[in-house]
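In: Just the structure for this:
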Amino acid sequence: MNSIRFAQIYDGLTSKEEALFGVKKDQYAFDDERLHNFIQAAKVEGRRPSQIAFSYFVKHLIAIQKAIDTEQYELYWERLTEAGDKDECIVQRFADARNYLLLMLCCLEYEAGRPISFGTKAAKELSDVDKMIIETFLPEIEAALVQQAAPTRTGVRPSGRTRYEPVPEEED
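Out: From the prediction side, this is the model:
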């Protein structure tokens, strides 16, 4: 699979996930609490909300595994039945599984009682000298890493959040 097709699949799945999340949010939310059903189910079952979300995630993984093992899947988002109903196909199951990963992460934040961070946690508290060295050299290190990663081995470089475009071929 080439990089362009990979990016098309990524973009398509991400787009469908966002739409699916918008449609299904009312099924597990109440008022503005997006984790309502997970919190309530956790109380009933004597478990944590993240454990409930994990169970739903595993349910989708098992459905995907069964489809792959039996080779009984259709590479569509959904299909129409003869009765006119819509059935999930494997692409939607992948989107559901990814959405449950997000919900699980949100449940972990809820349980911790503090926001998750998208940064790096230091292994130890840094000294003032360490902080000065990092502040002095970090911009140069980051610039070198960006330059080193610029066109990748596959000939593709990021040009936005999820869009990719081919790197122009160099002429001899």
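In: So Asp87 lies in a strand, does it not?
Out: Yes - remark: Asp87 belongs to a strand, assigned using DSSP: H, G, I helix; E, B strand; the rest coil.
In: For it, list each beta-bridge partner.
Out: With DSSP bridges as the criterion, Asp87 is bridged to Arg79.
In: From here on, call the first residue 3.
Out: In the new numbering, first residue 3, that becomes Asp89.
In: Tell me who's in contact with the most centrally placed residue in the chain.
Out: The residue lying closest to the centre of the chain (C-alpha atoms, centre = their mean) is Arg100, at 5.4 Å. Residues in contact with Arg100 (C-beta atoms under 8 Å, 6 or more residues apart in numbering) are Leu15, Glu19. Yep, even glycine has a C-beta here, placed from its N, CA and C like the rest.
In: For it, what is the enclosing helix or strand?
Out: Under the criterion DSSP states H and E, the helix or strand holding Arg100 is helix 92-114.
In: Does the lengthiest helix in the chain pack against any helices or strands, and if so which?
Out: Across the chain, the longest stretch assigned as helix under DSSP state H is helix 5-30. Applying 3 or more C-beta pairs under 8 Å, 6 or more residues apart in numbering; DSSP states H and E, one finds that helix 5-30 makes contact with helix 38-47, helix 92-114, strand 158-160, strand 166-168.
In: next structured bit after the helix holding Arg100?
Out: Following helix 92-114 in sequence order, the next helix or strand is helix 130-151 (DSSP H and E).
In: Surely Phe96 touches Gly14?
Out: No - Phe96 is beyond contact range of Gly14, at 10.9 Å (criterion: C-beta atoms under 8 Å).
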